[in-house]
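Asker: need a structure here:
(2 chains)
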Protein chains: 2
Amino acid sequence: MATPTPLAVEDVLRVNGSRRFAAALAAASPFASLADAVLAARRIWLDKVDVTGWLEAFAAHPPIGSTSPSVSKWSQEEQSAALSTATDSAAQELAEWNARYREKFGFVFMICASGRTAPEVLSELKRRYTNRPIVELEVAAQEELKITELRLAKLFSSETPAPFTSAE
Amino acid sequence: MATPTPLAVEDVLRVNGSRRFAAALAAASPFASLADAVLAARRIWLDKVDVTGWLEAFAAHPPIGSTSPSVSKWSQEEQSAALSTATDSAAQELAEWNARYREKFGFVFMICASGRTAPEVLSELKRRYTNRPIVELEVAAQEELKITELRLAKLFSSETPAPFTSAE
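Answerer: Numbering: from 1, shown residues only, chains lettered A, B, ... in the order given. Now for the predicted structure:
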C-alpha cells in the first residue's frame, strides 16, 4: 500500500461479516503494511470477537459449492477450483453433506477453499463432521481467519496495484 | 430411583435450557440410575448439542447474584452461599463485572455456584474474564454441565426420597 489509509467498516465487512470485527479493525487502521493488518486482524478475531460474532461471520458465507447469483465475486473466486471440478453427482453429494453438517453444528461448513477441488472439500467436510461441536467451532474459526487474510490482501491490492492476489 | 420412568422434555428443560439437550435426554430415558442419566447427559451435552444450544442453555440462567423474584428455586439454592455472603458493595461489584463479562463474551457468566461465597465467585469471574472467547465458552459449558448434573440429582430425588441433595 503506497499510503496508509484508514479502512472503512463497510469494506472490512466484505472481508469478514462480524460487525465487532469490522468495527475493531477499522478503528485500528490505518496499517503501514498488509502484514500489520493481518496481525491486527488475527488478534481481534481470536481475542476480541465473541462466539456470536464468529457465528455472524460464518453466516455471511454461502454454502460451499453454491452457484446462487447472490454469491459475492470473492466467494466465487475462492471456490473456483471446487466449482470447476464438481460433477453433478459430486455437487449433489456436497449439498447433502452441507445440510447434514449444518444440522449438526448449526452453522455453514467453513473452509478456505482456494485451490481445493470438490473431492478435497467433500473429503474434508466428512472428516470434520465427526468432530465435537466445540472443536469444530474452533476449526471453522481458523478457516474463517484464512479467508479473512486472503480477502484483506485483495482489499489492499485493490487500493494500489499489488502482487498479493497471486498468493491465492 | 425405584422404577425407571421416562423423563419429560419439560422436566429436563428445568435441568438444562437447551431444547436439543432436553429432547435428546428425554428420548434416551428412562435410566436405571442417576449415574446412567448423568453419563447420557454428559455425552449429549458435549457431543450432540451445538454451540447455539450451549448459548440457549446459558441464557436460561439469571446473572449470578440476581435477587429477581423470577429466579427459579433451584437457582436460588445454588446461589445461596454467594447471596448470603454478599455485602452491598460486593453485590455491586459482582453486578458490574457480570456486565463487563457479558459485554466481552456475549453470554451470562456461568458458574456452578453451589457452596461458593460471593468473594470466591467474584475472584473466579475476574480470572476467567481474561480468557479468549473460545476458551471461555468451553469453561462455561463445563460449569453448565456441573449444574446440569446437580439438577438431574434433584430431579431424580424429587421422584422418590433420595440422598442426592446432600451432594450439593
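Asker: From here on, just use CA atoms for contacts and neighbour counts.
Answerer: Will do.
Asker: Just the buried residues of the one helix or strand A:Ala23 maps to, please?
Answerer: Using DSSP states H and E, the element containing A:Ala23 is helix A:19-28. Buried residues in helix A:19-28, counted by 16 or more other C-alpha atoms under 10 Å in any protein chain shown: A:Arg19, A:Arg20, A:Phe21, A:Ala22, A:Ala23, A:Ala24, A:Leu25, A:Ala26.
Asker: For B:Val108, state which of these is nearest.
Answerer: A:Arg20 (18.4 Å; C-alpha to C-alpha).
Asker: what's near enough to touch that closest one?
Answerer: When contacts are counted by C-alpha atoms under 8 Å, 6 or more residues apart in numbering or on different chains, A:Arg20 touches A:Val49, A:Gly53.
Asker: how close does it get to chain B?
Answerer: 11 Å (C-alpha to the nearest C-alpha, to the nearest Å).
Asker: quick one on the thing from earlier: helix A:19-28 and the helix or strand just after the helix holding A:Ala23, what's the angle between them?
Answerer: Using DSSP H and E, the helix or strand that follows helix A:19-28 towards the C-terminus is helix A:34-43. Computed by axes from the mean of the first three to the mean of the last three C-alpha atoms, to 10 degrees, the angle separating helix A:34-43 from helix A:19-28 equals 140 degrees.
Asker: by contact count, what packs against the following helix or strand past helix A:34-43?
Answerer: Later in the chain than helix A:34-43, the nearest helix or strand by DSSP H and E is helix A:51-59. With contacts taken as 3 or more C-alpha pairs under 8 Å, 6 or more residues apart in numbering or on different chains; DSSP states H and E, helix A:51-59 sits against helix A:19-28, helix A:133-159, helix B:133-159.
Asker: switch the cut-off to 10 Å
Answerer: On a contact count with 3 or more C-alpha pairs under 10 Å, 6 or more residues apart in numbering or on different chains; DSSP states H and E, helix A:51-59 meets helix A:19-28, helix A:133-159, helix B:51-59, helix B:88-105, helix B:133-159.
Asker: buried ones in the last one?
Answerer: Buried positions in helix B:133-159, judged by neighbour count with 16+ other C-alpha under 10 Å: B:133-134, B:136-157.
Asker: ok, and which of those reach chain A?
Answerer: The residues of the buried residues of helix B:133-159 that also fall near chain A, by C-alpha under 10 Å from any C-alpha of the partner chain, are B:Pro133, B:Ile134, B:Glu136, B:Leu137, B:Glu138, B:Ala141.
Asker: Closest one of those residues to A:Leu13?
Answerer: B:Pro133 (20.5 Å).
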